[in-house]
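Starting from these lines, generate the structure:
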Amino acid sequence: MKKYQKMLLGLVVVASIATGCKKNKEELNEEELITTVQLKFTETGTTNVSTFTFRDVDGDGGNAPTAFDNIVLAPGKTYDMAIELKDESKTPAVDITDEVKEEGDEHQFYFVVSAANVTISNLNNDANGLPLGTTARWVTGAASTGTVKVVLKHKPGGIKAAGDPITKGETDIELNFTVRVQ
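Reported below is the predicted structural model:
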């Protein structure tokens, strides 16, 4: 009987250690708070840069965002867009953009255009050649007003694949920018 008790005690100890290690691993992969998203547009062939910002320093819930710009672009133009992500709840603010790029195989931006005369393409890729989207090309058509939903998905554990739908993975941030082409 004592032999079985010792085996059972050993299994409990091993299970406790395994569970403890799992918790520590999860803590290391804790999600960052994204309080600020900046979309920087450079008109192709120029040095003209326009920046549009979403800022909600206390994160989702709580106080309303302190900035949620409308994106205003000229018709018939091509823009190279780059996204910057920050956590401004900390001092100094933490730039999260590089972390998303470094973990590109676990992240993907989606851009969903509705009613705006804008085409979005040429998203940059992660190290595996899959879409990442921290940079993209936006081409405007005739004057219009609509929205562009900007969604960052987190896809851990090798679940990211070519042609993934926007529903795959956990949403890190989702914003509906009003877009005016004028």
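
Which pLDDT value goes with the residue nearest the centre of the chain?
Residue closest to the mean C-alpha point of the chain, counted by C-alpha atoms, centre = their mean, is L152 at 2.9 Å. In this model, L152 is scored at 97, pLDDT.

Helix or strand for it, just tell me which one.
Under the criterion of DSSP states H and E, L152 resides in strand 144-154.

Please identify the buried residues of that strand?
For strand 144-154, the neighbour count (16 or more other C-beta atoms under 10 Å) marks 147-148, 150-154 as buried. (Glycine included, C-beta is placed from N, CA and C.)

ok, back up a step: how about the contacts made by the residue nearest to the centre of the chain?
34, 85, 100, 107-109, 171-174 (C-beta atoms under 8 Å, 6 or more residues apart in numbering).

Which stretches in this protein count as strands?
36-43, 49-55, 67-68, 71-73, 78-87, 94-95, 107-114, 118-121, 135-140, 144-154, 170-181 (DSSP state E).

Run through the protein and note the low-pLDDT ranges.
1-31 (pLDDT under 70).

what about 80?
1-32 (pLDDT under 80).

For the nearest residue to the residue nearest to the centre of the chain once chain neighbours are set aside, give its distance to L130.
In space, and not counting its chain neighbours, L152 is closest to D172: 4.3 Å by C-beta to C-beta, 6 or more residues apart in numbering. Distance, D172 to L130, using C-beta to C-beta, to the nearest Å: 17 Å.

just A67 next, same as before
With C-beta to C-beta as the criterion, A67 and L130 are 31 Å apart.

ditto for E170
Note on E170: its distance to L130, by C-beta to C-beta, is 17 Å.

the more surrounded of the two?
Remark: of E170 and L130, L130 carries more neighbours, 18 against 10, as counted by other C-beta atoms under 10 Å.

ok, L123 touching W138?
No - using C-beta atoms under 8 Å, L123 is not in contact with W138, being 10.9 Å away.

Looking at those two, which is more packed in?
W138 (25 against 18).

Give the bridge partners for that one, please.
Beta-bridge partners for W138, by DSSP bridges, are Y79, I120.

Enumerate every residue touching it.
With C-beta under 8 Å, 6+ apart, W138 has these contacts: 41, 73, 78-79, 81, 118-120.

Wait, the residue nearest to L152 touches P156, no?
No - here D172 does not reach P156: they are 11.2 Å apart, not a contact under C-beta under 8 Å.

neighbour-wise, which of the two wins?
Neighbour totals were compared for D172 and P156, and D172 leads with 18 against 13 (other C-beta under 10 Å).

How about the contacts made by that one?
Per C-beta under 8 Å, 6+ apart, neighbours of D172: 31, 34, 107, 152-154.
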